[in-house]
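1. take a look and give me a structure for this.
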Amino acid sequence: MTCYILIVILFYLIAEDQLQFRVDQTEMPQANSSTGELVSGTEVRQAFTADADKLLSLSLLTATYDRTNTALLNVAVVDKNGVEAGQVTVSSSWLTNGVSEITFLTPVEITPRATYELIITSPDGTGGNTIALMYGNSMALPRGEMPLDIPAEEQIQVNGVSQEGKLCVRLTTQKTLWIGQIYWHLAIGIGIALIAYGWYTLRRIQQGRVTVVLRVAAAFQRYKFLIKQLVLRDFKTKYKRSVLGILWSFLNPLLTMTVQYIVFSTIFRSDIPNFALYLLTGIVCFNFFSEASSMALMSIVGNAPLITKVYVPKYIYPLSRVLSSSINLLFSLIPLLAVMLITGAPLRPALLLLPFGLICLFLFSLGIGLLLSTAMVFFRDTQFLWGVVSMLWMYLSPIIYPESIIPVKFLTLYKCNPLYHIIRFIRIILMNGISPEPKAYGLCIIASAVPLIIGAVVFKKNQDKFVLNL
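-> Numbers count the residues shown, from 1 in each chain. Sure thing, here's the model as predicted:
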């Protein structure tokens, strides 16, 4: 309970802002047209909806015609009934020939998913002394553009006339999260549940019986020496007769990142911020998953002489293979930290949350490893099929490209990939230096727990048949 209380307090101190609210930014369309000079009497309207309760700021893509303009720019937010929710007036002299951010003095209160309109005017704009607003009908991608299917009610209107496109604007919104309101109630509830389980466990011990948790813990304690020897054997075998030995744990992800960084940052021109860290994070995570699952696949078949002669819980073999791969993962974190320092990524207390993402990655890999090791016993072609599947899995995960290139209609299916949520969780911590949103924790738990439970159930139901098929 002492450890639990410390974790609860530490987590709240690190992730307080992310527990209270979520800040989002909308995507800005690619500019291909202009409204022309925003003179007095010209009105530009753009409808928008947001899953948020506050509008903090907006970024506009403007054209200043390479001159300093002094005309005022008025931005108002109105609801569908024409009631003004907020407004701000700025001088055109503050706007650049590009993207400029306009912040509301007081955050604009809005209703989530309700339709609002931005109304942009210039009360004193004259020809040669005002700016123009840009709009477009496509989204910029690392390679080319993607056309937007814009409904008529969402098209930009200039003096009441609809144009084929949307205003080049990026909205920064804030949504209050319910979990921040009940965090301490939830923490106390879980604490009470832990106390109740501890009392239940004590009662079972007094009755001469044990719980599942104690049974598993006893098994690990009993076979601790064997697990240690299996892990060391696998680790030493991997680098046997290698000149550089353990250094390959550092060099492999770095060399892979270097090659892919050169290809995707120059030839394909990736626009991902801090692409080196983005790429290396994906490589480290997927390399561990690929190595752990491939080693676990052969764990039962490769230890057939032991399994047929000595009784040992069979799940120890795939578990030891995944633990062996975890050593390489820990070594791979060192070059990852080096890249963070070189690229200037923020080193903040949120790094203390990284073990959660790594544990989820470990459990997910173990679950897949249990499934593969079971399938390998009965179907030896599994090892060849897995080579193809793992390569396909790599390209279906956001390792070398951003998720923004995935068409919207396929995005829900794309996010069914468990690795997507785990890699995204780890990237947010490393690249942004903040805690992911509360939903990300739940998605990571689901992404790791479901494969682990399925793998454990399948493995347990078939383990008694292993001896007959080895």
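
2. how many other residues sit next to K236?
-> If you count neighbours by other C-beta atoms under 10 Å, K236 ends up with 12. The C-beta positions use only the backbone N, C-alpha and C, and glycine is treated the same way.

3. pLDDT value on it, please?
-> K236 carries a pLDDT score of 72 in this model.

4. which residues sit against the host helix or strand of it?
-> With elements taken from DSSP states H and E, the one containing K236 is helix 224-238. Defining contact as C-beta atoms under 8 Å, 6 or more residues apart in numbering, one finds that helix 224-238 is touched by 220, 295, 312, 316-317, 319-321, 323-324, 327-328.

5. quick one: the strands in the stretch 101-250 of the chain?
-> Under the criterion DSSP state E, counting those that start in this stretch, the stretch 101-250 of the chain contains strands at 115-121, 132-136, 138-140, 145-147, 157-158, 161-162, 166-167, 169-176.

6. residue ranges with poor pLDDT in the stretch 1-150 of the chain?
-> Applying pLDDT under 70 to the stretch 1-150 of the chain flags the ranges 141-144.

7. can you pull out the helices in it?
-> 2-20 (DSSP state H, counting those that start in this stretch).

8. kindly report the same for the stretch 251-400 of the chain.
-> Going by DSSP H, counting those that start in this stretch, the stretch 251-400 of the chain shows helices at 275-297, 299-302, 304-307, 316-343, 354-378, 382-395.

9. turn the ones you listed into TSV, columns for mean pLDDT.
-> Formatted as TSV, these follow (pLDDT from 0 to 100):
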stretch	mean pLDDT
helix 275-297	89
helix 299-302	88
helix 304-307	82
helix 316-343	87
helix 354-378	94
helix 382-395	89
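
10. among those helices, which is nearest I423?
-> When the helices of the stretch 251-400 of the chain are compared by C-beta to C-beta, helix 275-297 sits nearest I423, at 5.0 Å.

11. report the angle between the axes of the closest one and helix 224-238?
-> 120 degrees (axes from the mean of the first three to the mean of the last three C-alpha atoms, to 10 degrees).

12. how about the contacts of helix 224-238, which pair is most distant?
-> V312 and N328 (24.3 Å).

13. comparing the two, which residue is more hemmed in?
-> Set V312 next to N328 and count neighbours by other C-beta under 10 Å: N328 wins out with 22 against 17.

14. could the helices of the stretch 251-400 of the chain go into a markdown table alongside distance to I428?
-> Formatted as a markdown table, these follow (distance: least, C-beta to C-beta, whole Å):
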| stretch | distance to I428 |
| --- | --- |
| helix 275-297 | 10 |
| helix 299-302 | 33 |
| helix 304-307 | 42 |
| helix 316-343 | 13 |
| helix 354-378 | 9 |
| helix 382-395 | 21 |
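
15. I446 is nearest to which of the ones you listed?
-> The nearest among the helices of the stretch 251-400 of the chain, by C-beta to C-beta, is helix 354-378 at 9.6 Å.

16. and that closest one, how far out from the chain middle?
-> 19 Å (C-alpha atoms, centre = their mean, to the nearest Å).

17. buried residues in stretch 395-415, which are they?
-> For stretch 395-415, burial by neighbour count (16 or more other C-beta atoms under 10 Å) applies to 397-401, 406.

18. again but with stretch 220-228, I slipped
-> Applying 16+ other C-beta under 10 Å to stretch 220-228 flags 223, 226-227 as buried.

19. for stretch 150-163, same thing?
-> 150, 154-158, 163.

20. lowest pLDDT pick from those residues?
-> Among these, I150 has the lowest pLDDT, at 86.

21. contacts only, for that one.
-> Counted by C-beta under 8 Å, 6+ apart, I150 has contacts 137, 164-166.

22. only the buried subset of those, as a PyMOL command please.
-> To isolate the buried members of the contacts of I150 in PyMOL, using 16+ other C-beta under 10 Å:
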select buried, resi 137+165+166
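
23. re earlier: filter the contacts of helix 224-238 to the buried ones?
-> Buried among the contacts of helix 224-238 by 16+ other C-beta under 10 Å: 295, 312, 316-317, 319-321, 323-324, 327-328.

24. redo those residues as CSV? Include distance to N303.
-> Listed next are those as CSV, based on distance: C-beta to C-beta, whole Å:
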residue, distance to N303
M295, 12
V312, 9
I316, 9
Y317, 5
L319, 12
S320, 9
R321, 10
L323, 14
S324, 13
I327, 19
N328, 20
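
25. so which of these is the closest to N97?
-> Checking the buried ones among the contacts of helix 224-238 against N97 with C-beta to C-beta, the nearest one is N328 at 49.6 Å.

26. the closest one is in contact with F289, isn't it?
-> No - contact criterion C-beta atoms under 8 Å: N328 and F289 do not qualify, at 11.7 Å.

27. and the most centrally placed residue in the chain, what does it touch?
-> Most central in the chain under C-alpha atoms, centre = their mean is R424, positioned 1.7 Å from the mean C-alpha point. Counting by C-beta under 8 Å, 6+ apart, R424 makes contact with 398, 436, 440.

28. what's the closest of these to W178?
-> So of the contacts of R424, ranked by how close each gets to W178 (C-beta to C-beta), first place is A440, at 15.3 Å.

29. okay, the closest one: pLDDT?
-> 93.

30. and for it, the neighbour number?
-> The number of residues near A440, taken as other C-beta under 10 Å, comes to 19.

31. what's the burial count for the residue lying closest to V23 once chain neighbours are set aside?
-> Spatial nearest neighbour of V23, excluding adjacent residues (C-beta to C-beta, 6 or more residues apart in numbering): Q174 at 5.3 Å. Q174 has 18 neighbours, counted by other C-beta under 10 Å.

32. with that, I have no additional questions.
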